[in-house]
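1. Sequence below, structure please.
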Amino acid sequence: MLLASIFMGGADHAYATSICVLGLLLIGAFALFLAKSPPAEPLILGGLLAAMALSGAAGNWDVARTEWLQLCGAAAIWSTGRILGRDRYIIKLAWYASMATAMTVGVFAMIVYGLSFGDAPGVSRMKFTFGSANSFAALMAIGVILSAGHIAYKLAHHTSHDISIWSRIGQLPGKTILSLSALVVCASCVLLSLSRASLILTALALMVVAIASVLSARDLRRFWNRSVRQHPIASTSAVAVSLFGIALLLATETQLGSRAVDLQVDAQDRWLAYHEYWKAWQHHPVFGHGLGSFNQVNEQLTTIENAPQLVTLGAAHNVGLQWLLQTGFVGTLIMALIWLAIHCRIVRALLKPVEGANLGFVIAVLAVSVYLSLHSMIDFPLELPGIMWVYSFLLGLACGIATSDTKSTEVSQAS
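-> Predicted coordinates for the structure are as follows:
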């Protein structure tokens with residue numbers, strides 16, 4: 001269902017949203033039915049989302065209905081991941097499936113990009129079925145982070161630490177070819193999208209993977225005594241940098257130069273738009289203008305002076321500001337509390353003993369969360385249902401890991 005939503009342009013239309021949400025709700029209901037002890041969080045989450053919808057009910061309900069369905073789909077797929085994440089074998093399968101999904105999309109995007117390259121004048125940015133190259137880059141960045149995290153986990157737990165880095169790479173299991181391939185494809189797509197934010201934030205997310213892996217090491221003294229060349233994080237970083245270098249050769253000097261020159265202009269335009277939306281929110285600060293009201297408010301704000309900055313926007317390019325504008329302080333606070341509660345559970349699990357593969361996956365998901373949270377402050381990847389649902393599924397799996405490992409730790413301590 002997630003792959004289908006991606007191929008439908010992120011399911012950013014009412015018809016596509018309805019089909020995908022129906023499938024996600026059926027999957028969620030089936031997962032709850034099979035669960036031996038269904039979690040209470042889906043009911044709590046549904047109540048909070050209903051309260052948030054009511055807080056912004058004054059907007060355009062024809063559009064708000066679609067946004068509400070998208071949020072219901074996110075709650076359903078999160079609940080599914082929450083249940084499936086209890087099984088460590090399913091976690092490994094989900095990890096492989098997520099990388100394969102991103103790589104599949106990347107391969108098709110490269111085929112389409114190769115066939116259309118040179119047809120359009122000027123700068124050609126890879127965007128596939130997405131209307132925005134930046135949003136497509138966000139999906140590919142998720143693939144890069146998950147793949148790099150998987151390679152780091154394999155190097156740390158499935159190779160010898162007393163040999164050279166190249167010999168350790170040779171010891172990688174055969175299944176690692178999937179993560180290596182996904183890393184090559186997704187990294188190349190990120191670069192060919194020419195998304196400046198994705199390039200910078202992907203590198204930052206890989207640093208988060210490295211730092212989290214170091215902090216979670218069982219023996220820090222042994223870690224520091226090793227040669228940097230022999231540590232899996234260093235090798236993973238070297239592989240990632242090399243692959244970005246290879247992908248860099250695929251981009252033309254004209255494309256990269258054009259994007260660099262436009263940086264200052266784009267930043268000024270975004271800042272002007274943020275200023276206008278901030279003033280609009282202050283007219284209805286508590287409950288906002290209502291779900292689905294963004295386009296209507298955007299039209300009201302548009303003047304001759306700011307038309308170049310506002311007339312083509314379909315989102316605020318800042319998820320926090322857009323939620324403030326539509327649902328006000330109340331709705332944004334509810335969403336922020338949900339996000340914080342999920343991440344507190346995941347981070348708390350890292351402080352306790354966690355099985356190797358689960359730990360590697362949780363670290364990768366946290367890095368994905370860092371990337372999407374920062375990217376959503378300057379763009380709108382989480383406004384696309386397909387990307388939002390992928391993110392929700394990954395967070396649900398990580399929460400399932402946190403719950404299962406926490407319970408097993410408590411049982412072992414009691415015994």
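
2. what's the pLDDT at Ile387?
-> pLDDT for Ile387: 92.

3. State the helix or strand in which it lies.
-> According to DSSP states H and E, Ile387 maps onto helix 385-414.

4. The one helix or strand Phe33 maps to - what's its average pLDDT?
-> Element membership of Phe33 [criterion: DSSP H and E] is helix 14-34. Mean per-residue pLDDT for helix 14-34: 84.

5. Pull out the buried residues from that helix.
-> Buried residues in helix 14-34, counting neighbours by 16 or more other Cβ atoms under 10 Å, are found at Ala16, Thr17, Ile19, Cys20, Val21, Gly23, Leu24, Leu25, Ile27, Gly28, Ala31, Leu32. Glycine gets a C-beta too; all of them are placed from N, C-alpha and C.

6. so the first one makes contact with Gly9?
-> This points to Ala16. Yes. At 7.1 Å, Ala16 and Gly9 qualify as touching, with contact defined as Cβ atoms under 8 Å.

7. what ranges of the stretch 201-350 of the chain fall below the confidence cut-off?
-> Scanning the stretch 201-350 of the chain with the threshold set as pLDDT under 70 gives 213-265, 309, 311-314.

8. who's in contact with Ser195?
-> By Cβ atoms under 8 Å, 6 or more residues apart in numbering, the contact set of Ser195 is Arg125, Ala133, Asn134, Ala137, Ala138.

9. Pick the one among those closest to Arg82.
-> Set against Arg82, the nearest of those by Cβ to Cβ is Ala138 (23.1 Å).

10. For that closest one, what are phi and psi?
-> phi -60, psi -40 (degrees, to the nearest 10).

11. dump the residue contacts of it.
-> Residues in contact with Ala138 (Cβ under 8 Å, 6+ apart) are Ser195, Ser198, Tyr371, Leu372, His375, Asp379, Pro381, Ile387.

12. Return the distance of it relative to Cys72.
-> 22 Å (Cβ to Cβ, to the nearest Å).

13. next one: the helix ranked longest in the chain to chain centre, how far?
-> Secondary structure of the chain read by DSSP state H shows that its longest helix is helix 319-350. With Cα atoms, centre = their mean, to the nearest Å as the basis, helix 319-350 stands 15 Å off its chain's centre.

14. Put the alpha carbons of the helix or strand just after that helix into PDB.
-> Next along the chain after helix 319-350, taking DSSP H and E as the criterion, comes helix 356-375. Coordinates of each C-alpha in helix 356-375 appear next as PDB, following Å, rounded to 0.1, in the frame of the first residue of the first chain:
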ATOM      1  CA  GLY A 356      21.500  -5.900  17.900                       C
ATOM      2  CA  ALA A 357      19.200  -5.800  14.800                       C
ATOM      3  CA  ASN A 358      16.500  -3.900  16.700                       C
ATOM      4  CA  LEU A 359      19.000  -1.400  18.000                       C
ATOM      5  CA  GLY A 360      20.300  -0.700  14.500                       C
ATOM      6  CA  PHE A 361      16.800  -0.200  13.200                       C
ATOM      7  CA  VAL A 362      15.800   2.100  16.000                       C
ATOM      8  CA  ILE A 363      18.900   4.200  15.400                       C
ATOM      9  CA  ALA A 364      18.200   4.400  11.700                       C
ATOM     10  CA  VAL A 365      14.500   5.500  12.400                       C
ATOM     11  CA  LEU A 366      15.700   8.200  14.800                       C
ATOM     12  CA  ALA A 367      18.000   9.500  12.100                       C
ATOM     13  CA  VAL A 368      15.100   9.500   9.600                       C
ATOM     14  CA  SER A 369      13.100  11.400  12.100                       C
ATOM     15  CA  VAL A 370      15.800  14.000  12.500                       C
ATOM     16  CA  TYR A 371      16.000  14.400   8.800                       C
ATOM     17  CA  LEU A 372      12.200  14.800   8.200                       C
ATOM     18  CA  SER A 373      11.700  17.000  11.200                       C
ATOM     19  CA  LEU A 374      14.300  19.500  10.000                       C
ATOM     20  CA  HIS A 375      13.400  19.200   6.300                       C
END
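
15. what pLDDT, on average, does helix 356-375 get?
-> 88.

16. which other helices and strands contact that helix?
-> Secondary-structure packing of helix 356-375 (3 or more Cβ pairs under 8 Å, 6 or more residues apart in numbering; DSSP states H and E): helix 88-116, helix 133-157, helix 196-215, helix 319-350, helix 385-414.

17. Please identify the deepest-packed of these.
-> helix 133-157 (a mean of 27; mean count of other Cβ atoms under 10 Å).

18. got the contact list for the closest residue to Ala14 other than its chain neighbours?
-> Spatial nearest neighbour of Ala14, chain neighbours left out: Thr66 (4.8 Å); criterion: Cβ to Cβ, 6 or more residues apart in numbering. When contacts are counted by Cβ under 8 Å, 6+ apart, Thr66 touches Ala14, Thr17, Gly292.

19. Against Leu48, how distant is the last one?
-> When you say that, I think you mean Gly292. Distance from Gly292 to Leu48, by Cβ to Cβ: 19 Å.

20. Between those two, point out the one with more neighbours.
-> Gly292 (21 against 17; other Cβ atoms under 10 Å).

21. For the more buried one, which three-state class applies?
-> coil (DSSP: H, G, I helix; E, B strand; the rest coil).
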